[in-house]
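Asker: the following block contains a protein sequence and its predicted model.
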Amino acid sequence: MATLTPGSVYPVNAPYNVNPAFSGTFIPNLWADKLLIKFYENTMLTQICNLDYEGQFKSKGDSIRIRTRPDVTIRPYEVGMNLQYEVPTPGYIDMQIDQGFYFGVKVSDVIQYQADRDLMNMFTDEASKQMKIAIEEEVFYNAFVTAGPHASNEGATAGALSAGYNLGTDTSPIDESDPNNVLAAILRMSSVLDEQNVPPDGRFLVISPYDRHLLLQTNIAATFFSGDSTSMQRTGKIGTIDRFTVYVSNLLPKAEAGKDFVKAREATSTGTAVSDAKARRLMIAGTKHAISFAASIEKTEPMRDPTDFGDIVRGLSIYGRKVVKPETLVLAQVGSAT
(Lines give C-alpha, C1' and ligand atoms only; values in the text may rest on other atoms or scores of the structure.)
Protein backbone atom coordinates (compact mmCIF):
# COMPACT_ATOMS: atom_id res chain seq x y z
CA MET A 1 0.00 0.00 0.00
CA ALA A 2 1.39 3.40 -0.96
CA THR A 3 1.36 6.02 1.80
CA LEU A 4 2.15 9.67 1.22
CA THR A 5 2.97 11.79 4.29
CA PRO A 6 3.06 15.59 3.81
CA GLY A 7 5.89 17.73 5.11
CA SER A 8 5.92 18.92 8.70
CA VAL A 9 5.06 22.46 7.66
CA TYR A 10 1.42 21.48 7.21
CA PRO A 11 -0.49 19.83 10.08
CA VAL A 12 -2.62 16.77 9.35
CA ASN A 13 -4.97 14.70 11.45
CA ALA A 14 -3.44 11.41 10.19
CA PRO A 15 -1.40 10.17 7.23
CA TYR A 16 -3.36 9.64 4.04
CA ASN A 17 -3.41 6.08 2.75
CA VAL A 18 -3.87 6.36 -0.98
CA ASN A 19 -4.54 3.04 -2.66
CA PRO A 20 -5.41 4.32 -5.21
CA ALA A 21 -6.43 7.96 -5.74
CA PHE A 22 -5.96 10.37 -8.62
CA SER A 23 -4.26 13.61 -9.46
CA GLY A 24 -4.89 16.19 -12.15
CA THR A 25 -7.63 16.16 -14.74
CA PHE A 26 -9.92 13.19 -14.28
CA ILE A 27 -11.38 11.47 -17.35
CA PRO A 28 -13.38 8.45 -16.10
CA ASN A 29 -13.25 6.38 -19.29
CA LEU A 30 -9.52 6.96 -19.75
CA TRP A 31 -8.83 6.10 -16.10
CA ALA A 32 -10.96 2.95 -16.29
CA ASP A 33 -9.28 1.79 -19.50
CA LYS A 34 -5.85 2.40 -18.00
CA LEU A 35 -6.75 0.45 -14.86
CA LEU A 36 -8.13 -2.50 -16.84
CA ILE A 37 -5.06 -2.65 -19.10
CA LYS A 38 -2.75 -2.71 -16.09
CA PHE A 39 -4.88 -5.42 -14.47
CA TYR A 40 -4.64 -7.66 -17.53
CA GLU A 41 -0.90 -7.07 -17.80
CA ASN A 42 -0.40 -8.38 -14.26
CA THR A 43 -2.96 -11.10 -13.75
CA MET A 44 -2.25 -14.79 -14.23
CA LEU A 45 -5.87 -15.23 -15.34
CA THR A 46 -5.00 -14.11 -18.87
CA GLN A 47 -2.58 -17.03 -19.06
CA ILE A 48 -4.84 -19.79 -17.70
CA CYS A 49 -8.35 -18.67 -18.72
CA ASN A 50 -9.91 -17.94 -22.09
CA LEU A 51 -11.09 -14.38 -22.67
CA ASP A 52 -13.32 -15.21 -25.63
CA TYR A 53 -16.30 -13.28 -24.26
CA GLU A 54 -14.51 -10.14 -23.15
CA GLY A 55 -16.51 -7.01 -23.97
CA GLN A 56 -19.81 -8.89 -24.41
CA PHE A 57 -21.49 -7.49 -21.30
CA LYS A 58 -22.43 -4.04 -20.04
CA SER A 59 -23.18 -4.30 -16.33
CA LYS A 60 -23.29 -6.56 -13.31
CA GLY A 61 -26.16 -9.02 -13.58
CA ASP A 62 -25.67 -9.63 -17.30
CA SER A 63 -25.41 -13.19 -18.57
CA ILE A 64 -23.21 -14.44 -21.40
CA ARG A 65 -24.45 -17.50 -23.27
CA ILE A 66 -21.54 -19.74 -24.21
CA ARG A 67 -22.21 -22.20 -27.02
CA THR A 68 -20.67 -25.65 -26.55
CA ARG A 69 -19.66 -27.94 -29.38
CA PRO A 70 -22.06 -30.78 -30.12
CA ASP A 71 -20.91 -34.38 -30.44
CA VAL A 72 -20.67 -35.73 -33.99
CA THR A 73 -20.96 -39.49 -34.48
CA ILE A 74 -18.22 -41.25 -36.46
CA ARG A 75 -19.43 -44.40 -38.22
CA PRO A 76 -17.70 -47.17 -40.23
CA TYR A 77 -18.07 -47.02 -44.00
CA GLU A 78 -18.67 -49.73 -46.59
CA VAL A 79 -18.97 -49.25 -50.34
CA GLY A 80 -22.61 -49.04 -51.44
CA MET A 81 -24.08 -48.50 -47.98
CA ASN A 82 -26.76 -45.90 -47.24
CA LEU A 83 -25.18 -43.05 -45.32
CA GLN A 84 -26.79 -41.81 -42.12
CA TYR A 85 -27.02 -38.12 -41.29
CA GLU A 86 -27.60 -36.24 -38.05
CA VAL A 87 -28.32 -32.66 -37.12
CA PRO A 88 -25.87 -31.67 -34.38
CA THR A 89 -27.47 -29.51 -31.73
CA PRO A 90 -25.10 -27.25 -29.80
CA GLY A 91 -25.60 -26.87 -26.08
CA TYR A 92 -25.27 -23.73 -24.00
CA ILE A 93 -23.64 -22.70 -20.74
CA ASP A 94 -24.50 -19.37 -19.14
CA MET A 95 -21.76 -17.33 -17.47
CA GLN A 96 -23.16 -14.80 -15.03
CA ILE A 97 -21.43 -11.44 -14.60
CA ASP A 98 -22.21 -11.48 -10.90
CA GLN A 99 -18.95 -10.72 -9.11
CA GLY A 100 -17.49 -7.34 -8.22
CA PHE A 101 -14.90 -5.47 -6.17
CA TYR A 102 -14.66 -1.76 -5.54
CA PHE A 103 -12.26 0.82 -4.18
CA GLY A 104 -13.01 4.19 -2.63
CA VAL A 105 -10.13 6.55 -1.79
CA LYS A 106 -9.37 10.21 -1.23
CA VAL A 107 -6.35 12.47 -1.39
CA SER A 108 -5.80 15.87 0.18
CA ASP A 109 -5.19 18.83 -2.10
CA VAL A 110 -2.03 19.54 -0.08
CA ILE A 111 -0.63 16.03 -0.61
CA GLN A 112 -1.56 16.21 -4.26
CA TYR A 113 0.30 19.51 -4.60
CA GLN A 114 3.38 18.32 -2.73
CA ALA A 115 3.68 14.99 -4.57
CA ASP A 116 6.78 14.65 -6.76
CA ARG A 117 5.48 11.69 -8.81
CA ASP A 118 2.83 11.02 -11.43
CA LEU A 119 0.13 10.06 -8.94
CA MET A 120 -2.28 8.72 -11.54
CA ASN A 121 0.22 6.14 -12.79
CA MET A 122 1.26 5.25 -9.27
CA PHE A 123 -2.30 4.74 -8.12
CA THR A 124 -3.43 2.79 -11.17
CA ASP A 125 -0.43 0.51 -10.76
CA GLU A 126 -1.30 -0.14 -7.13
CA ALA A 127 -5.03 -0.53 -7.83
CA SER A 128 -4.38 -3.07 -10.59
CA LYS A 129 -2.12 -5.10 -8.29
CA GLN A 130 -4.64 -5.15 -5.46
CA MET A 131 -7.45 -5.96 -7.89
CA LYS A 132 -5.38 -8.82 -9.29
CA ILE A 133 -5.00 -10.30 -5.82
CA ALA A 134 -8.68 -10.02 -4.91
CA ILE A 135 -10.01 -11.36 -8.20
CA GLU A 136 -7.48 -14.17 -8.64
CA GLU A 137 -8.14 -15.39 -5.10
CA GLU A 138 -11.90 -15.56 -5.71
CA VAL A 139 -11.63 -17.09 -9.20
CA PHE A 140 -9.16 -19.75 -8.03
CA TYR A 141 -11.46 -20.82 -5.21
CA ASN A 142 -14.56 -20.83 -7.38
CA ALA A 143 -12.97 -22.68 -10.30
CA PHE A 144 -10.85 -25.18 -8.36
CA VAL A 145 -12.96 -25.87 -5.26
CA THR A 146 -16.59 -24.82 -5.85
CA ALA A 147 -16.82 -25.97 -9.49
CA GLY A 148 -13.78 -28.22 -9.71
CA PRO A 149 -12.53 -30.52 -12.47
CA HIS A 150 -14.17 -33.54 -14.05
CA ALA A 151 -14.64 -36.37 -11.53
CA SER A 152 -12.03 -38.45 -13.39
CA ASN A 153 -9.42 -35.71 -13.02
CA GLU A 154 -8.91 -35.75 -9.25
CA GLY A 155 -8.61 -38.11 -6.30
CA ALA A 156 -6.83 -41.38 -5.66
CA THR A 157 -8.15 -43.08 -8.81
CA ALA A 158 -7.86 -40.32 -11.41
CA GLY A 159 -7.76 -41.15 -15.12
CA ALA A 160 -10.75 -41.35 -17.45
CA LEU A 161 -9.46 -44.60 -19.00
CA SER A 162 -7.27 -46.22 -16.37
CA ALA A 163 -8.42 -44.83 -13.01
CA GLY A 164 -4.78 -45.48 -12.18
CA TYR A 165 -3.34 -42.15 -11.04
CA ASN A 166 -3.20 -41.06 -7.42
CA LEU A 167 -3.53 -37.29 -7.17
CA GLY A 168 -4.20 -37.18 -3.44
CA THR A 169 -7.34 -36.81 -1.36
CA ASP A 170 -8.52 -34.88 1.68
CA THR A 171 -7.49 -37.69 4.00
CA SER A 172 -4.42 -38.85 2.06
CA PRO A 173 -2.71 -36.03 0.16
CA ILE A 174 0.49 -36.47 -1.85
CA ASP A 175 3.26 -36.78 0.75
CA GLU A 176 5.37 -33.62 0.64
CA SER A 177 8.16 -35.12 2.77
CA ASP A 178 9.86 -36.35 -0.43
CA PRO A 179 10.10 -33.69 -3.20
CA ASN A 180 10.09 -36.46 -5.80
CA ASN A 181 6.53 -37.29 -4.76
CA VAL A 182 5.44 -33.81 -5.83
CA LEU A 183 7.22 -34.14 -9.17
CA ALA A 184 5.66 -37.57 -9.73
CA ALA A 185 2.19 -36.11 -9.03
CA ILE A 186 2.75 -33.45 -11.71
CA LEU A 187 3.68 -36.13 -14.23
CA ARG A 188 0.52 -38.02 -13.32
CA MET A 189 -1.53 -34.85 -13.81
CA SER A 190 -0.17 -34.64 -17.34
CA SER A 191 -1.17 -38.26 -18.00
CA VAL A 192 -4.68 -37.61 -16.67
CA LEU A 193 -5.11 -34.85 -19.23
CA ASP A 194 -3.79 -37.20 -21.92
CA GLU A 195 -6.53 -39.70 -21.03
CA GLN A 196 -9.10 -36.93 -21.60
CA ASN A 197 -7.58 -36.29 -25.06
CA VAL A 198 -6.55 -32.79 -24.03
CA PRO A 199 -4.08 -31.36 -26.59
CA PRO A 200 -0.55 -30.81 -25.22
CA ASP A 201 -0.36 -27.24 -26.51
CA GLY A 202 -1.29 -24.49 -24.08
CA ARG A 203 -1.21 -26.54 -20.88
CA PHE A 204 -0.56 -24.69 -17.62
CA LEU A 205 0.35 -25.69 -14.08
CA VAL A 206 -0.15 -23.47 -11.01
CA ILE A 207 1.74 -24.33 -7.84
CA SER A 208 2.49 -22.67 -4.51
CA PRO A 209 5.89 -21.13 -3.71
CA TYR A 210 6.54 -24.01 -1.30
CA ASP A 211 5.91 -26.60 -4.01
CA ARG A 212 8.32 -24.74 -6.27
CA HIS A 213 10.85 -24.95 -3.45
CA LEU A 214 10.29 -28.71 -3.23
CA LEU A 215 10.53 -29.22 -6.98
CA LEU A 216 13.82 -27.37 -7.23
CA GLN A 217 15.28 -30.06 -4.97
CA THR A 218 14.65 -32.65 -7.68
CA ASN A 219 17.17 -33.02 -10.50
CA ILE A 220 14.61 -33.19 -13.30
CA ALA A 221 12.42 -30.22 -12.36
CA ALA A 222 15.35 -27.89 -11.68
CA THR A 223 16.55 -28.21 -15.27
CA PHE A 224 13.17 -27.10 -16.66
CA PHE A 225 12.47 -24.03 -14.54
CA SER A 226 13.98 -21.32 -16.68
CA GLY A 227 11.31 -18.64 -17.07
CA ASP A 228 12.38 -15.05 -17.74
CA SER A 229 12.44 -12.67 -14.77
CA THR A 230 9.91 -10.24 -16.25
CA SER A 231 7.22 -12.92 -16.61
CA MET A 232 7.96 -14.16 -13.10
CA GLN A 233 7.41 -10.73 -11.59
CA ARG A 234 4.23 -10.02 -13.53
CA THR A 235 2.34 -13.28 -13.88
CA GLY A 236 4.26 -15.81 -11.80
CA LYS A 237 5.57 -17.81 -14.79
CA ILE A 238 8.75 -19.72 -13.90
CA GLY A 239 9.31 -22.13 -16.80
CA THR A 240 8.02 -25.39 -18.26
CA ILE A 241 7.89 -29.03 -17.25
CA ASP A 242 6.30 -32.00 -19.05
CA ARG A 243 4.38 -29.78 -21.50
CA PHE A 244 3.13 -27.51 -18.70
CA THR A 245 3.91 -23.82 -18.53
CA VAL A 246 4.45 -23.44 -14.80
CA TYR A 247 3.22 -20.52 -12.68
CA VAL A 248 3.68 -19.80 -8.98
CA SER A 249 0.91 -18.21 -6.92
CA ASN A 250 0.25 -17.38 -3.27
CA LEU A 251 -3.48 -17.41 -3.95
CA LEU A 252 -4.28 -21.11 -4.30
CA PRO A 253 -6.86 -22.54 -1.88
CA LYS A 254 -5.50 -24.27 1.23
CA ALA A 255 -6.78 -26.34 4.15
CA GLU A 256 -5.65 -27.26 7.63
CA ALA A 257 -6.07 -30.65 9.28
CA GLY A 258 -9.71 -31.51 9.89
CA LYS A 259 -11.00 -28.70 7.66
CA ASP A 260 -12.14 -28.11 4.08
CA PHE A 261 -10.42 -25.71 1.69
CA VAL A 262 -10.70 -21.95 2.12
CA LYS A 263 -9.55 -19.01 0.04
CA ALA A 264 -5.86 -18.24 0.19
CA ARG A 265 -6.06 -15.20 2.48
CA GLU A 266 -8.74 -16.61 4.77
CA ALA A 267 -7.90 -18.25 8.08
CA THR A 268 -7.75 -22.02 7.55
CA SER A 269 -9.58 -22.47 10.85
CA THR A 270 -12.75 -21.12 9.18
CA GLY A 271 -13.02 -24.12 6.85
CA THR A 272 -15.89 -26.56 7.17
CA ALA A 273 -15.06 -29.63 9.23
CA VAL A 274 -13.84 -32.66 7.24
CA SER A 275 -13.29 -35.83 9.24
CA ASP A 276 -9.70 -37.19 9.18
CA ALA A 277 -8.58 -34.58 6.64
CA LYS A 278 -4.88 -33.66 6.58
CA ALA A 279 -3.29 -30.22 6.14
CA ARG A 280 -2.99 -29.76 2.39
CA ARG A 281 -2.91 -27.40 -0.57
CA LEU A 282 -3.77 -27.59 -4.27
CA MET A 283 -1.75 -27.89 -7.45
CA ILE A 284 -3.83 -27.06 -10.52
CA ALA A 285 -3.29 -27.84 -14.19
CA GLY A 286 -5.27 -27.59 -17.40
CA THR A 287 -5.71 -25.49 -20.52
CA LYS A 288 -7.38 -22.18 -21.28
CA HIS A 289 -10.39 -24.09 -22.57
CA ALA A 290 -11.31 -25.00 -18.98
CA ILE A 291 -12.27 -21.58 -17.59
CA SER A 292 -13.93 -18.58 -19.22
CA PHE A 293 -13.25 -15.18 -17.67
CA ALA A 294 -14.40 -11.65 -18.53
CA ALA A 295 -13.90 -8.43 -16.57
CA SER A 296 -14.60 -4.74 -16.90
CA ILE A 297 -14.06 -1.55 -14.93
CA GLU A 298 -17.75 -0.70 -14.66
CA LYS A 299 -17.58 2.74 -13.09
CA THR A 300 -15.03 5.32 -11.99
CA GLU A 301 -16.46 8.40 -10.32
CA PRO A 302 -14.69 11.54 -9.05
CA MET A 303 -16.08 13.97 -6.49
CA ARG A 304 -14.90 16.61 -4.07
CA ASP A 305 -14.47 15.51 -0.46
CA PRO A 306 -17.33 17.22 1.50
CA THR A 307 -15.37 17.02 4.79
CA ASP A 308 -11.93 18.24 3.67
CA PHE A 309 -10.06 19.98 0.86
CA GLY A 310 -9.42 17.09 -1.45
CA ASP A 311 -10.76 14.68 -4.02
CA ILE A 312 -12.50 11.33 -3.76
CA VAL A 313 -12.42 8.61 -6.40
CA ARG A 314 -14.34 5.36 -6.31
CA GLY A 315 -14.37 2.58 -8.85
CA LEU A 316 -16.17 -0.70 -9.46
CA SER A 317 -14.77 -3.73 -11.26
CA ILE A 318 -17.19 -6.45 -12.32
CA TYR A 319 -16.44 -9.84 -13.77
CA GLY A 320 -17.70 -13.33 -14.44
CA ARG A 321 -15.99 -16.73 -14.39
CA LYS A 322 -17.15 -20.19 -15.38
CA VAL A 323 -15.63 -23.65 -15.67
CA VAL A 324 -16.89 -24.58 -19.13
CA LYS A 325 -14.77 -27.66 -19.90
CA PRO A 326 -14.03 -29.45 -16.60
CA GLU A 327 -12.42 -32.36 -18.44
CA THR A 328 -9.51 -30.04 -19.35
CA LEU A 329 -8.87 -29.19 -15.68
CA VAL A 330 -6.99 -31.42 -13.20
CA LEU A 331 -6.03 -30.94 -9.54
CA ALA A 332 -3.80 -32.63 -7.01
CA GLN A 333 -3.78 -32.32 -3.24
CA VAL A 334 -0.35 -32.07 -1.62
CA GLY A 335 0.42 -31.93 2.07
CA SER A 336 1.34 -33.76 5.23
CA ALA A 337 1.03 -37.53 5.38
CA THR A 338 0.37 -37.41 9.13
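Answerer: Cool, the structure landed.
Asker: mind listing what's buried in whichever strand or helix holds residue 300?
Answerer: Per DSSP states H and E, residue 300 falls inside strand 291-304. Using 16 or more other C-beta atoms under 10 Å as the test for burial, strand 291-304 gives 291-298, 300, 302. Any C-beta I mention is one placed from the backbone N, CA and C, and that applies to glycine too.
Asker: try stretch 209-220
Answerer: 211-212, 214-215, 218.
Asker: same thing with stretch 191-209?
Answerer: Quick answer for stretch 191-209 (16+ other C-beta under 10 Å): 191-193, 195-196, 198, 202-208.
Asker: still on that earlier bit, Throw the buried residues of stretch 209-220 into a markdown table and include distance to residue 322, thanks.
Answerer: Listed next are those as a markdown table, based on distance: C-beta to C-beta, whole Å:
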| residue | distance to residue 322 |
| --- | --- |
| 211 | 27 |
| 212 | 28 |
| 214 | 32 |
| 215 | 30 |
| 218 | 35 |
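Asker: taking the buried residues of stretch 191-209 one by one, which sit in strands?
Answerer: Here DSSP state E is the test, and these give 203-207 as lying in strands.
Asker: just the buried residues of stretch 209-220 now: which is nearest residue 186?
Answerer: For the buried residues of stretch 209-220, the minimum distance to residue 186 (C-beta to C-beta) is 7.8 Å, reached by residue 215.
Asker: any idea how far the closest one lies from residue 156?
Answerer: According to C-beta to C-beta, to the nearest Å, residue 215 and residue 156 sit 22 Å apart.
Asker: repeat for residue 63
Answerer: 37 Å.
Asker: now do the end-to-end distance for stretch 282-291.
Answerer: For stretch 282-291, the first-to-last residue distance is 17 Å (C-alpha to C-alpha, to the nearest Å).
Asker: and what of stretch 198-215?
Answerer: End to end - C-alpha to C-alpha - stretch 198-215 spans 24 Å.
Asker: mind checking how far that stretch is from the chain centre?
Answerer: Centroid separation for stretch 198-215 versus its chain: 13 Å, with C-alpha atoms, centre = their mean, to the nearest Å.
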